[in-house]
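> Here is a sequence together with a model predicted from it:
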Amino acid sequence: MEKNEIPVLSLTGVSKRFAGVRALTDVSLDVRAGEVLALMGENGAGKSTLLRIVNGDHQPDEGHVELDGVPVHHTSPAAAHHAGIRVIAQEPEIIPHVDVAENVFAGALPNRGRLFSRAAARRQARQFIADLGFADVIPVDALGRQLSPAQRQIVEILRGLTGKPRVVAFDEPTSSLSDHEVDILFALIDRLRAEGIAVVYVSHRMKEIFRIADRIAVLRDGALVGVRPAGETSEDELVRMMVGRDLDAMFQRTGHEPGEVVLSLEDVTTDDVSDVSLTVRQGEIVALAGLVGAGRSELAKAIVGDVPIRSGTMVLQGKRIRMKSPTDAVRAGIGFAPEERKAEALILDRGVRDNVSLASLRRLSKLRFVNQRAERALVSRFVDSLRIKAPSMEQHVRKLSGGNQQKVVLARWLAREPALLILDEPTRGVDVGAKAEIYGIINRLAESGTALLIISSELPEVIGLADRIVVMKDGRVSGELPARATEEQILALAMSENEIEEEAS
Amino acid sequence: MKATAEAPEAELAPQAVPRRSGVRRALDAIGVQNVSLLIALVALVALIGSKHSEFFLLSNIEVIGTAIAVMGLLAIVETVVILLGGLDISVGSAAGLGSVVSAMVFTHSGATLGILAALGVGLLAGLVNGVVIVYGRVNPVVATLATLAAYKGVAQLVSNGRAQGYTGTDAAFVFIARGAIAGIPTLIWILAIVALIAHLVLRYTDLGRNIYAIGGNDTAARLAGININRYILAVYAIAGVVATLAGVLITARTGSGQPVSGSEGLELQAVTAAALGGCALQGGRGTIAGTMLAVIMLGVLDNGIILFGVNPFWQNVARGALLVIAVVIMQLRSGERRVGMPT
Amino acid sequence: MKATAEAPEAELAPQAVPRRSGVRRALDAIGVQNVSLLIALVALVALIGSKHSEFFLLSNIEVIGTAIAVMGLLAIVETVVILLGGLDISVGSAAGLGSVVSAMVFTHSGATLGILAALGVGLLAGLVNGVVIVYGRVNPVVATLATLAAYKGVAQLVSNGRAQGYTGTDAAFVFIARGAIAGIPTLIWILAIVALIAHLVLRYTDLGRNIYAIGGNDTAARLAGININRYILAVYAIAGVVATLAGVLITARTGSGQPVSGSEGLELQAVTAAALGGCALQGGRGTIAGTMLAVIMLGVLDNGIILFGVNPFWQNVARGALLVIAVVIMQLRSGERRVGMPT
Amino acid sequence: ACSSGQNTGAAPGSGGAAPKTGKLTIALLQKQGDQQYFVDEATGAKQKAQQLGNVDVKVIDLGTDANKAISQLDAVIAQKVDGIVIVVPDQQIGPQVIGAAKNAGIPLMAADDAIKDGTGQEAPFVGFDGTQMGNSVGTKAGELFKASGWSLSDTRVIESWKQDLQTCSDRVKGAEDAFKTATGGDLPQQIKIGTDNSVTDAQNKASAVLTSNQNVKHWLVWGCNDENETGVVTALQNGGVKPDNIIGVGLGAYLTCKDWRAGQDSGNKAALYIGGPAVGASAIQVMVDHLRNSKALPPKTIAHTEMVDKTNWQKSGLVCT
Ligand SMILES: Nc1ncnc2c1ncn2[C@@H]1O[C@H](COP(=O)(O)OP(=O)(O)OP(=O)(O)O)[C@@H](O)[C@H]1O
Ligand SMILES: Nc1ncnc2c1ncn2[C@@H]1O[C@H](COP(=O)(O)OP(=O)(O)OP(=O)(O)O)[C@@H](O)[C@H]1O
Ligand SMILES: O[C@@H]1[C@@H](O)[C@@H](O)CO[C@H]1O
Ligand SMILES: [Mg+2]
Ligand SMILES: [Mg+2]
């Protein structure tokens, strides 16, 4: 495809304000046919807002959007969808009680006249999924609510590619995917590019950006800082553009001797996890690595008593213990930040304050009355240190950007200061600057004696943070690696033989 | 992805029955919820029938069928409204309105016009609900509680609070109330046809699937380009029409237009039937088959209570207790863990 | 979209009011929803008062206060139950049960025991609801619709369907019904105290905050270590106790134990008040202040309708229409966009 | 300023107040105000008020809610109406009702259902007597039964009423007693149906009764009101029972008359016509007389009732809609 003179999508002078927040200020940007434009910026910089304007979900206060040089005023996602614009949302929206086929084809069901055939829909969905390379990850007849976070993300991606898209925007599509799916996705994006589709790609992961982008646009506080051809810029420059200064080193692990064993599992078996044995000591950071579906989240939930342990033993601080519910776990000094922030962690229609203090209320109350001043002090400490961007502590979490929501989840558990802290994908969607802060906090917690078990699909994070790396595969521990292991070592343990072969071929 | 390949069923555990044998597959198609309802229904029938063999008389089965016709119609549309994520409490008084309008217009202009007028009024009443909800942004419960009162008032106003007309000699109304086709009472036919249409639309058309999508996750539906507002308006309009159709049946059965007394409390029964039949009140989940099973079960229950000659005060207790027991059995079979609010 | 562009504030207003001026801050604390209700209330009062100055008689205002006491109590607990993500339809018949029990036990053993017995029965009834919901896994709507029938039957059974006892000469009951402290009727005190306690607990204690969390996202609450089941049981138990307290008030006011007068629609009024006052029926959103404003508004509405001497049929229409208008005003001020089901 | 709530001081009596001039406002509070009988009663009251001139009637529906009755009574008292006519949802609340009106010095009379104060003193009453109405129904049914020549053993009585309404129970009991007196024999076996006093409920429940009584030949039907009686009769007829095999005696006649007017053969053989409009009218008449002319409220004004059937209903003044 030759590059057209007229960009497929262009924004001119777009501004958008929300009560108390300038989300976008005078942004002008072009996306051309057959290119991948990466969009970067800190959490709350306005990336998702920009995409919501493109797909008609929000209307700009000023400025306008053009498609093929013609101004368009899409007043609903339906209109934008019709014009060939697809935005793959940051938070996957899944229809819980219908199958994957219907989820993928939502709004554009394959039918003859008005007639809908489930068998035909599944057949087409199976074909479509196979064409796009996700056949072994997504069962077409599973119901929406049964999908794992990664699967939901993939369904969201698939939905965005139905019909005849002209512009496809991905809003952090990889935040809950592991490398295997990321590779499939990138192959897919390459295909879209080759077909002359205009692609917008939002991510906080530098590695991905340089792998996939042709040009990179950076937003800061709602304003466009600049656009760079991918070949002519560097990570450092991008970081400077995003945060306005240089960052310190990402990981500053100060090695030290771990103390007593805090948690030890022996042959723990649940419905999806078998014979897992592992220990975490005071002041130690243990990372759990593995592919999507390896059973890491399940293990974490078993530890906190949310999933029943069928056999095996669990010892906490020297005592054999059996959790009946997360209530027991929290009482016993275990904190757990789950991976799905929206479904499992956030009270969306409450403020930042309520969300952050949720697990600490008992400690903050006397005679059950919450000491509001102490509460505010605690919350504002974490709002500052994690740089949670919100107009006030009372802002409903629903209105925060994705990354800031993630920080709220983390703040809840950091504030609680448990003896054992389990973090499941702690930095999903968090920007580079804040990531560094979070790593710093995790490091300080370890130094002060907290035992940490961190589940992460981002290998650099695993390698940078961990004292020890436990790798899981198919619900079992497939090996253990010391700090500073390589990505290849981890992957070898995480993947089954035939997958490695596939990968190699 | 090995885990998935090896145990794809178990890991999708809570509700997904693994699909192995043919029986299993059939059960799956019916749904655990419905199987449990069926079991509860069979148990109830066995209990009643063992003491009172008259229960199985064809005439008694017809009695049950005709007794549930009115409530069944309302339960069907309530199911559709609930699937969409809404609720319509006004169906009871819309039925009353339909009853008086059909009788009054009938008196002047005959049965056909009477029935059409009633359905037309129902369409209007339903649209008013829809508009108030969508454009007035009034929560569906509050909106239809308000129109429950308002439509009742309108029915009383047009009828001056009196039973209207006399349809007991009109061939059409008599046919509705007491006629039969192929030996099956007309009332049962009407209920069955409406149920079948609703079932087919929900299951085999994109309209129906979109209703599930909207009720399941309206953001997903909206972002996927479905015009949610249009669906809400249409579904409430249809609910109004079917409610007034139920009103026409009330007129036919009682021989006159009943402004309120014939339809009071039907709305709660309709919601109960839908919920008992497995509709999640948050929307997006439920089937017409489940609702119809529940309607039948409630009808059998009422019939059995009378066969047993239970004192009416005990009837209330028995009805409540049996309702709870039926659902408890149903839920415990599904093996859901016992934490938090059940849906 | 012009509208949006011109009024960017309004668009997201409901909760995100930036804290600038003192006025803003005050409004924020009250909540847009409540401000709108307040405006609607003032408008209604002005409308009624402009035609009927008797409305402002102290005696009339006392009448409104005492008339809303029973429904107000139920609306308060309904609010708490709804905040938690549930619903309790059985409060009406629990009130009837409380009424007969208090009167019957009173007849044998005096007022104090009578009242305590009623509250004890309420605790039990509430616990039964909670257990059926939590451990029986019955959806709260179905569960409490069932116990609505069951408790009504029990009240009829114990009373044989008749009003019980005569409390009209008992000092304690008379004090409740017609007494006053500091010039303010006892009934109003009771309502105010229960409302205040509920408000303080919800707003300033960890218990209350946890209720909001559970209703907002029960999975999140569970994983944050909150024992959800215990909250559900406790809240339903309290709902039962307060419902029977309302029953005691019914006994005091009517002078006898009334088996069913509580279940003649009080439960729907309580739900209406909670929803009108801004409770989201999915849970997690709402305030006692909003509910109380709504209760007062409904009381004023009823009182005004009598003042105007509207014909009872028009009363139904007027009640429905005004309810819709009040909510529409409230919602449109919040500037939410008009797509999908409003919450 | 605490108050125990006990009545203090001498309550102004209902008699002997100074005559009022000018516009009068009378509150008519009715239980089950959406039932046709009460709708008619309210209409009668309003027509009488118009006829008397300068009288305003405020009609309030109490449903079956005793608590609401107290609230609405309080409200009309606070709003200073001149007189109150009340049909209580429950006779037990009599003392509170009478006490409240007395305290406020507003004259009060009971309609349809009599009430007493705490000392057993009855309030002035206009209407019918439940037991007496039942007696009329039972007597008529007895006569028809004797004339039919049916035997006790192949006949059943269906009695249908809202079992938690005292007046309904009184009527049914009254009918049973009078039936026995009229026939000089026993009652056939009875089947009691509890309903919410609506046609549809009676109809649904009676249908099931038919099932469990397959070999019954003849049916007697009565109940609390026309709704109950016609509902049962319709169910029997829908279930294949011939009108000739049914003796239904209604109470109210406003629904039974529909068959008669249409000339339809039916099991509704007779009904006690009770003039709702007349009750409403005479209540207003006596109240206005009392207020304007200081006439004492008569303790009992028993309204006209009349047994009617398809041959003579039109003469009774019954309006059939
Ligand atoms: N509906 C809303 N109401 C109020 N403020 C909002 C709303 N949506 C977004 N915002 C605010 O607008 C700003 C931009 O948010 P946006 O979601 O576009 O950020 P983002 O760049 O996508 O961040 P992230 O990387 O965290 O996803 C944030 O401050 C956010 O809190
Ligand atoms: N490919 C898959 N197909 C079906 N279910 C899956 C798949 N992947 C994950 N799951 C779900 O995830 C559960 C176990 O995976 P778990 O979420 O614990 O893995 P994880 O290692 O944390 O990976 P993830 O990154 O997906 O969270 C299973 O119970 C299953 O429900
Ligand atoms: O309820 C009845 C009504 O149906 C009518 O019969 C008159 O008396 C009332 O008590
Ligand atoms: Mg974003
Ligand atoms: Mg996981």
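Everything's here; your move. Ligands and ions are numbered 1, 2, ... in the order given.
> drop to CA atoms for contacts and neighbour counts, all remaining ones
OK.
> what about stretch A:38-58, near ligand 4?
Yes. For stretch A:38-58 and ligand 4, the contact criterion (C-alpha under 5 Å from the ion) is met by A:S48.
> Next, the distance between the ends of that stretch.
Taking C-alpha to C-alpha, to the nearest Å as the measure, stretch A:38-58 stretches 21 Å from start to finish.
> chain center to that stretch: distance?
Using C-alpha atoms, centre = their mean, to the nearest Å, we find the averaged C-alpha position of stretch A:38-58 to lie 16 Å away from the chain's own average C-alpha position.
> cool, and stretch A:431-438?
On the basis of C-alpha atoms, centre = their mean, stretch A:431-438 is displaced by 14 Å from the centre of the chain it belongs to.
> Check stretch A:336-344 too.
Using C-alpha atoms, centre = their mean, we find the averaged C-alpha position of stretch A:336-344 to lie 11 Å away from the chain's own average C-alpha position.
> now swap in stretch D:86-99 and tell me
On the basis of C-alpha atoms, centre = their mean, stretch D:86-99 is displaced by 15 Å from the centre of the chain it belongs to.
> quick one: it near ligand 3?
No. Residues of stretch D:86-99 contacting ligand 3 under C-alpha under 6 Å from any ligand atom: none, with a closest distance of 8.5 Å.
> Only C-alpha atoms, please: export that stretch in PDB.
Provided in PDB are the C-alpha atoms of stretch D:86-99 (Å, rounded to 0.1, in the frame of the first residue of the first chain):
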ATOM      1  CA  ILE D  86     -65.300   7.200  57.900                       C
ATOM      2  CA  VAL D  87     -65.600   3.600  56.700                       C
ATOM      3  CA  VAL D  88     -62.900   2.000  58.800                       C
ATOM      4  CA  PRO D  89     -60.700  -0.700  57.400                       C
ATOM      5  CA  ASP D  90     -60.800  -2.400  60.700                       C
ATOM      6  CA  GLN D  91     -63.400  -1.900  63.400                       C
ATOM      7  CA  GLN D  92     -60.800  -2.400  66.200                       C
ATOM      8  CA  ILE D  93     -59.400   1.100  65.500                       C
ATOM      9  CA  GLY D  94     -62.800   2.600  66.600                       C
ATOM     10  CA  PRO D  95     -61.500   4.000  69.900                       C
ATOM     11  CA  GLN D  96     -58.600   5.800  68.300                       C
ATOM     12  CA  VAL D  97     -60.700   7.200  65.500                       C
ATOM     13  CA  ILE D  98     -63.500   8.400  67.800                       C
ATOM     14  CA  GLY D  99     -61.000   9.700  70.300                       C
END
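> Any part of it near chain C?
Yes. Under the criterion of C-alpha under 8 Å from any C-alpha of the partner chain, stretch D:86-99 makes contact with chain C via D:90, D:92-93, D:95-96.
> show me what contacts the closest residue to ligand 2 within the stretch 151-300 of chain B?
In the stretch 151-300 of chain B, no residue comes nearer to ligand 2 than B:G216, which is 19.8 Å away by C-alpha to the nearest ligand atom. Residues in contact with B:G216 (C-alpha atoms under 8 Å, 6 or more residues apart in numbering or on different chains) are A:95-97, B:83-85, B:282-285.
> can you redo the residues you listed as CSV with pLDDT and secondary structure?
Formatted as CSV, the contacts of B:G216 follow (pLDDT from 0 to 100; DSSP: H, G, I helix; E, B strand; the rest coil):
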residue, pLDDT, secondary structure
A:I95, 95, coil
A:P96, 93, coil
A:H97, 92, coil
B:L83, 96, helix
B:L84, 96, coil
B:G85, 93, coil
B:Q282, 85, coil
B:G283, 91, coil
B:G284, 93, coil
B:R285, 91, coil
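> Neighbour-wise, which one of those leads?
Neighbours here mean other C-alpha atoms under 10 Å in any protein chain shown. Within those, the largest count is held by B:L84, at 31 neighbours.
> Look up how far ligand 4 lies from the spatially closest residue to that residue that is not a sequence neighbour.
The shortest distance from B:L84 to any non-neighbouring residue, by C-alpha to C-alpha, 6 or more residues apart in numbering or on different chains, is to B:G215 (4.1 Å). Between B:G215 and ligand 4 the distance is 25 Å, computed by C-alpha to the ion, to the nearest Å.
> Any buried residues in the strand or helix carrying B:G215, and which?
Here B:G215, judged by DSSP states H and E, is contained in helix B:206-216. Applying a neighbour-count criterion of 16 or more other C-alpha atoms under 10 Å in any protein chain shown, the buried positions in helix B:206-216 are B:206-216.
> In the stretch 201-350 of chain A, which residue sits closest to ligand 3?
Among residues of the stretch 201-350 of chain A, the one nearest ligand 3 by C-alpha to the nearest ligand atom turns out to be A:D349. It sits 49.4 Å away.
> helix/strand/coil for that residue?
Secondary structure for A:D349, judged by DSSP: H, G, I helix; E, B strand; the rest coil, is coil.
> follow-up on the earlier one: quick one: mean pLDDT over the helix holding B:G215.
Regarding helix B:206-216, the rounded mean pLDDT is 95.
> Can you tell me what sits against stretch A:110-119?
Residues from elsewhere that reach stretch A:110-119 (C-alpha under 8 Å, 6+ apart): A:109, A:120-121, B:203-207.
> what sits against A:A89?
For A:A89, the residues meeting the contact criterion (C-alpha under 8 Å, 6+ apart) are A:156, A:170-171, A:173.
> Would you mind measuring from A:G295 to ligand 1?
The spacing between A:G295 and ligand 1, counted by C-alpha to the nearest ligand atom, to the nearest Å, is 27 Å.
> my guess is that residue contacts A:G475, does it?
Yes. Contact between A:G295 and A:G475 holds when scored by C-alpha atoms under 8 Å: they sit 4.7 Å apart.
> Now the common contact residues for these two.
With contacts defined as C-alpha under 8 Å, 6+ apart, the residues shared by A:G295 and A:G475 are A:272-273.
> Find the residue ranges of the stretch 201-343 of chain B scoring beneath the pLDDT cut-off.
By pLDDT under 70, the weakly predicted segments of the stretch 201-343 of chain B are B:333-334.
> Get me the contact residues on it for chain D.
By C-alpha under 8 Å from any C-alpha, the part of the stretch 201-343 of chain B that sits against chain D consists of B:250, B:253-254, B:260-262, B:303, B:306-307, B:311-312.
> Please apply the same query to the stretch 151-300 of chain A.
Taking C-alpha under 8 Å from any C-alpha, no part of the stretch 151-300 of chain A reaches chain D.
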